[in-house]
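> Any chance you can model this:
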Amino acid sequence: MCINRWRESEPQNAQVYCLEGQLHLDHLRDESLAEASFRRAVELDPDHEGAHLGLGLAVLAGKRFSEAAEHFEFLRQRQPDNWNVQVSLAECWAGLGQETQAVGLLEDVLAQQPQEAHALALLGRLLTERGEYAEAESRLRQAIALSPSDQTARHNLIMCLQSSGKDKEAQEQQRQFKQMQEDFKRFDEIVRKDLASRPNDPSLHFTLGKLLLRGGYREDGLRWLRSALRLDPNYAPAREALKEFSKNPTSEQQEVSK
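Below is the predicted model:
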């Protein structure tokens with residue numbers, strides 16, 4: 001593997017360990033290996049901002065909030081306009097029981113970046129825990145409209161609705177949540193397996209389009225439906241889906257367009 005050769009040739013280069021950590025964290029989803037790589041990068045270069053970010057995310061995933069907060073505090077001093085760093089720091093504070101400070105930081109972020117989906121989702125969760133259900137529901141719905149694939153935000157919305165006594169709405173959200181999980185699984189199967197053997201099958205392009213539209217990804221969904229028609233101009237399901245979508249966009253798609 002190229003990264004292994006690079007590490008062998010430059011064992012004191014912090015960047016190679018940072019890249020290795022990103023590979024483990026983002027693609028292999030192995031937080032423990034990612035942590036080891038990022039930690040070595042920070043040891044070699046204590047000022048490496050990318051290594052601090054990766055190490056912060058890796059230990060945050062393990063709910064080691066105090067250590068993670070140190071890395072995000074370091075980054076906030078270096079990158080005061082990095083909203084993702086501030087939201088991650090707020091998550092650390094919440095995990096440490098400092099909910100008032102976390103809510104305040106998230107509100108500051110949203111005052112400057114009102115469409116920061118991660119901040120909206122986290123604020124919605126914290127407001128739910130504080131019993132402020134109406135505001136929490138509003139924030140969580142905004143987060144989902146901006147980031148339809150955020151399963152955590154959807155789960156938190158279900159919890160909020162249940163806590164506020166809106167059982168019928170909670171059940172509908174639970175149904176949508178289950179459908180989304182099934183859609184993700186089917187989408188992954190098509191992209192990883194089916195398209196490799198049948199890249200020009202219009203039914204696969206059509207199915208991807210339908211899954212994306214149902215998930216709220218309007219432009220990508222329409223693109224795949226049109227791709228199915230380019231492969232087969234007479235493919236009726238894609239033509240009907242495009243016609244139906246033009247008449248009845250989903251409520252979540254409407255929210256995104258606002």
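
> thought Glu137 was touching Gln162?
No. Checked against C-beta atoms under 8 Å, the pair Glu137 and Gln162 is beyond contact range at 11.2 Å. For the C-beta atoms, the positions are set from N, CA and C on the backbone; glycine is no exception.

> For the two, indicate the residue with more neighbours.
Counted by other C-beta atoms under 10 Å, Glu137 and Gln162 do not tie: Glu137 has more neighbours, with 21 against 17.

> give me every residue that touches Leu55.
Gly21, Glu35, Phe38, Arg39, Ala41, Val42, His71 (C-beta atoms under 8 Å, 6 or more residues apart in numbering).

> so which strand or helix has it?
Using DSSP states H and E, the element containing Leu55 is helix 49-61.

> cool, and Trp93?
Taking DSSP H and E as the criterion, Trp93 maps to helix 83-95.

> just Ile158 next, same as before
Using DSSP H and E, Ile158 sits in helix 151-163.

> Which strands or helices does that helix pack on?
With contacts taken as 3 or more C-beta pairs under 8 Å, 6 or more residues apart in numbering; DSSP states H and E, helix 151-163 sits against helix 117-129, helix 133-146, helix 167-189.

> Report the mean confidence score over the longest one.
Think helix 167-189. Helix 167-189 carries an average pLDDT of 93.

> now stretch 121-141
Stretch 121-141 carries an average pLDDT of 97.

> Residues contacting it, please?
87, 90-91, 94, 99, 102-103, 106-107, 110, 120, 143, 147, 150, 152-153, 156-157, 159-161, 163-164, 255.

> mind listing what the nearest residue to His118 once chain neighbours are set aside touches?
Counting by C-beta to C-beta, 6 or more residues apart in numbering, His118 lies nearest to Val87, which is 4.9 Å off, once chain neighbours are set aside. Val87 is in contact with Leu106, Val109, Glu116, His118, Ala119, Leu122, counting by C-beta under 8 Å, 6+ apart.
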